[in-house]
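In: Generate a structure from the sequence data that follows.
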Amino acid sequence: MKFWLFMALSILSVAPRANAQQKPTVLVEGLKNPESVAIDSQGTVYVSVIGEFGKDGDGSVIKIVDGKAVPVAEGLDDPKGLVAFQGKLYVADKTKVLRIDGTGKVDVYVADSAFPNPPLFLNDIALDEQNGTLYVSDSGDLKGDSGAIYAISPKGSVSTVLTKKQFPELHTPNGLALDGGAHLLLVDFGTGNLYRIKLADKSVEKLADGLGKTDGVVWDQFGRLFVSDVQGGRVSAIARPGAKPVTLVEGLKSAADHAVDQNSKRLVIPDMAAGQIVAVDISVPGHEVNETPLPLKTAVAFPDLKWTGWDAESADGRVNVLRPIVLTHAGDGSNKVYVATQHGVIHSFANDQKATETKVFLDITDRVSYKDETNEEGFLGLAFHPKFKENGYFFVFYTPKNAKLTNIVSRFKVSADDPTKADPASEVEILRYEKPYWNHDGGTVAFGPDGYLYVTHGDGGSGGDPHENGQNLETLLGKVLRIDIDGAANGKNYAVPADNPFVGKDGVRPEIWAYGIRNIWRMAFDKETGTLWAGDVGQNLWEEIDIITKGGNYGWNLREGLHPFGPKGVGPQADLIDPIWEYYHFDTGKSITGGTVYRGSLLPELTGAYLYADYVTGRIWALKYDEAKKRVVENRPIETQNLPVLSFGMDEKGEVYFLTTTVNGQGIYRFTK
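Out: Numbering: from 1, shown residues only. Sure thing, here's the model as predicted:
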């Protein structure tokens, strides 16, 4: 936090004011100089309490229980920055870092003698949740001459991140927050500036200024950034990178080192001079997002449906999991539902909740490679030709058994003597991918309103895009392609549309429609607007939703979501398209399942909403994007049974379903009142 002189000035110069944004809720009061808030995975709110500035032994850490301050640890000096990690608290206490266990036992985690230079005023502390590294700011002599930032390894060794010698503009470093895994945000109390530090080379970029006597900086789970101004008694919000800071709350006596309560969607703020902890709802003025739950739930669709040829137990007595991976329709007026399994069977059945049995439309398990240990392979994509009723064509994406590290897109045709079945012998290979690893296959195939086939494949797998395929326009990996499957050219069973963005450019694959993709797990066109939506699975920290446009570069592997990725990571750039929405791994989910825009009639409250889910947590949301405002205006959760969502699909009437793994055959779910 801050030092006593400025705190005294703030008390004199900043009178309490009415908050035009919202009135804070007091969580607890009667504290003597509360400085920093940390919230653990269980939602418990912890607060460091300095006591009297400069007086050793009267500091403490408390937790808030039923509106009361309950002591956790006492006898500290001037505790400030506080983080919770793996059942322990870490606190910057004057010239040392302390660790507090679940019983309240305090030990010195890092003594002052362990720092490269003796610290004078340890202030904020931040955590890299991926590897346990702590970052701590030393505000130095408070005059702008000796501040520094240090990194503390999980074993307690200390190294220097930044000093004034390296960065002469450094004045009084204070609030810290990770920005991705390889960059650190810093707010400088002395200058009111917000900086990003690239940890690989210690280079510094200024992101914003004029933020006041800055104290804390923190992200919420959807990538909104909050900065507190201790002297001005306010918290500013930055809705997304590059956006202008706006005031979230003001009128406090001294807003210190705040934290986000992800469960309640509130910002918890120590009002130091007032001796209170207060909370405000996260609703960024000018960037409001409706996050209230929808009055909907999920239910099994087609509860009596039996899957022809599938049994819950294999011939050798093992559990035989059904993995429905695509649900779609043929657009032929039949209102049939088609569901493909990852093992390579396409089932069809009447779109009737009382349906009792599927019919096998196509079985190519003899040529599809699927194994649980490489479960991003297998049968992954299915799309019916827009003129299926006339020509009987449909297209599939799958991993073949007869070739290693390969995926293919093929065309099949309905059987000549039975229009309810496809002919397995009619396969014509359209496109072949060769990849370095088994994962990140993507696999969606979808026809656009222009009649062309759009195909997506991930970056080739492993982690971090080691071959940098996402930005390489000479490979089809990490791309969305657009091809004309009604034509043929250059010895291929498809043609390239003349208006593709890279046609005629040397060293570029002309099939590419968009690039900078990590691993789109499901993309779909809005049947009303033609907009192409995609959920791109993140690497370490952030999941993202993109609207795919012609020639767009979506940043991978330079960016992950709205954040720089890795040592080569960059901030927002004009030639990189940031996602319209993101969410954080550690408290929301870990693997996005992209969905589709609802255009049915049974649930008008969903009309125009993009339905998506997280595969790991099973959470589902309905998101609305305002095209005129160019921003998300709703992200409303739907009550679920926390099932792993493999995919979303739409029937011919525009009703949306989601698919999950099942051992009892009930793998299709719908939304209901």
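
In: now could you export just the CA positions of stretch 558-568 as CSV?
Out: C-alpha atoms of stretch 558-568 as CSV (Å, rounded to 0.1, in the frame of the first residue of the first chain):
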residue,chain,number,x,y,z
LEU,A,558,1.5,-14.0,-29.9
ARG,A,559,-1.6,-13.6,-27.8
GLU,A,560,-3.9,-15.8,-25.7
GLY,A,561,-7.3,-14.2,-25.4
LEU,A,562,-6.7,-10.5,-24.6
HIS,A,563,-3.2,-11.1,-23.3
PRO,A,564,0.3,-11.5,-24.6
PHE,A,565,1.4,-15.1,-24.7
GLY,A,566,4.9,-16.3,-23.9
PRO,A,567,8.2,-14.5,-24.3
LYS,A,568,7.4,-13.3,-27.8
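
In: tell me which residues in it are buried?
Out: Residues 558-566 are the ones in stretch 558-568 that count as buried (16 or more other C-beta atoms under 10 Å). (C-beta placed from N, C-alpha, C; glycine too.)

In: Show me the shaky parts of this protein.
Out: 1-21 (pLDDT under 70).

In: From the recorded domain assignment, give the ranges for it.
Out: 4-281, 297-672 (automatic domain parsing).

In: Throw these into a markdown table and include distance to residue 290, thanks.
Out: Formatted as a markdown table, the domains of the chain follow (distance: least, C-beta to C-beta, whole Å):
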| stretch | distance to residue 290 |
| --- | --- |
| domain 4-281 | 11 |
| domain 297-672 | 4 |
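
In: Out of these, which gets nearest to residue 288?
Out: Proximity to residue 288, assessed across the domains of the chain by C-beta to C-beta, is greatest for domain 297-672 (7.2 Å).

In: Next, the distance between the ends of that closest one.
Out: Its start and end residues considered, domain 297-672 measures 6 Å (C-alpha to C-alpha, to the nearest Å).

In: ok, now stretch 363-379?
Out: 11 Å.

In: Over to stretch 364-377?
Out: Stretch 364-377 end-to-end distance (C-alpha to C-alpha) = 14 Å.

In: Around residue 324, how many other residues sit close by?
Out: 24 (other C-beta atoms under 10 Å).

In: Would you point out the most distant pair within the buried residues of stretch 558-568?
Out: Farthest apart among the buried residues of stretch 558-568 - using C-beta to C-beta - are 562 and 566, which lie 15.0 Å from each other.

In: who's in contact with residue 566?
Out: 180-182, 464, 557 (C-beta atoms under 8 Å, 6 or more residues apart in numbering).

In: hang on, residue 169 packs against residue 190?
Out: No. In this structure, residue 169 is not within contact of residue 190 by C-beta atoms under 8 Å, at 9.7 Å.

In: neighbour-wise, which of those two wins?
Out: residue 190 (20 against 13).

In: Quick check, that one in contact with residue 171.
Out: Yes. Counting by C-beta under 8 Å, residue 190 touches residue 171, with 3.0 Å between them.

In: what residues are shared contacts of those two?
Out: Common neighbours of residue 190 and residue 171 (C-beta under 8 Å, 6+ apart) are residue 144.

In: Pick out the residue nearest the middle of this structure.
Out: For the chain, the residue nearest the mean C-alpha position is residue 543 (2.4 Å; C-alpha atoms, centre = their mean).

In: Leaving aside the residues adjacent along the chain, what's closest to that one?
Out: Spatial nearest neighbour of residue 543, excluding adjacent residues (C-beta to C-beta, 6 or more residues apart in numbering): residue 592 at 4.0 Å.

In: Repeat that for residue 408.
Out: residue 432 (5.0 Å).

In: and what of residue 590?
Out: residue 616 (4.2 Å).

In: Can you get me a residue count around that neighbour?
Out: 17.

In: Would you agree it is in contact with residue 593?
Out: No. With contact defined as C-beta under 8 Å, residue 616 does not reach residue 593; the gap is 9.7 Å.

In: which stretches of the stretch 401-550 of the chain form strands?
Out: 406-414, 422-434, 445-447, 453-457, 479-483, 512-515, 520-525, 532-536, 542-548 (DSSP state E, counting those that start in this stretch).

In: And those strands: which comes nearest residue 310?
Out: strand 422-434 (17.7 Å).

In: For the closest one, buried residues please.
Out: 422, 426-427, 430-431, 433.

In: Return the list of strands paired to it, each annotated with direction.
Out: Applying DSSP bridges to the sheet, strand 422-434 is found paired with strand 406-414 (antiparallel).

In: Could I have the CA atoms of the partner strand written out in PDB?
Out: What follows is strand 406-414, C-alpha atoms only, in PDB (Å, rounded to 0.1, in the frame of the first residue of the first chain):
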ATOM      1  CA  THR A 406      -3.200 -37.200 -40.400                       C
ATOM      2  CA  ASN A 407      -6.700 -35.800 -40.800                       C
ATOM      3  CA  ILE A 408      -8.800 -35.800 -43.900                       C
ATOM      4  CA  VAL A 409     -12.000 -34.100 -45.200                       C
ATOM      5  CA  SER A 410     -14.000 -36.400 -47.400                       C
ATOM      6  CA  ARG A 411     -17.200 -36.400 -49.400                       C
ATOM      7  CA  PHE A 412     -19.800 -39.100 -49.200                       C
ATOM      8  CA  LYS A 413     -23.100 -39.700 -51.000                       C
ATOM      9  CA  VAL A 414     -26.400 -41.200 -50.200                       C
END
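
In: Now do the contacts for the closest residue to residue 457 other than its chain neighbours.
Out: Counting by C-beta to C-beta, 6+ apart, residue 457 lies nearest to residue 442, which is 4.6 Å off, once chain neighbours are set aside. Taking C-beta under 8 Å, 6+ apart as the criterion, residue 442 is in contact with 380, 456-458, 517, 519-521.
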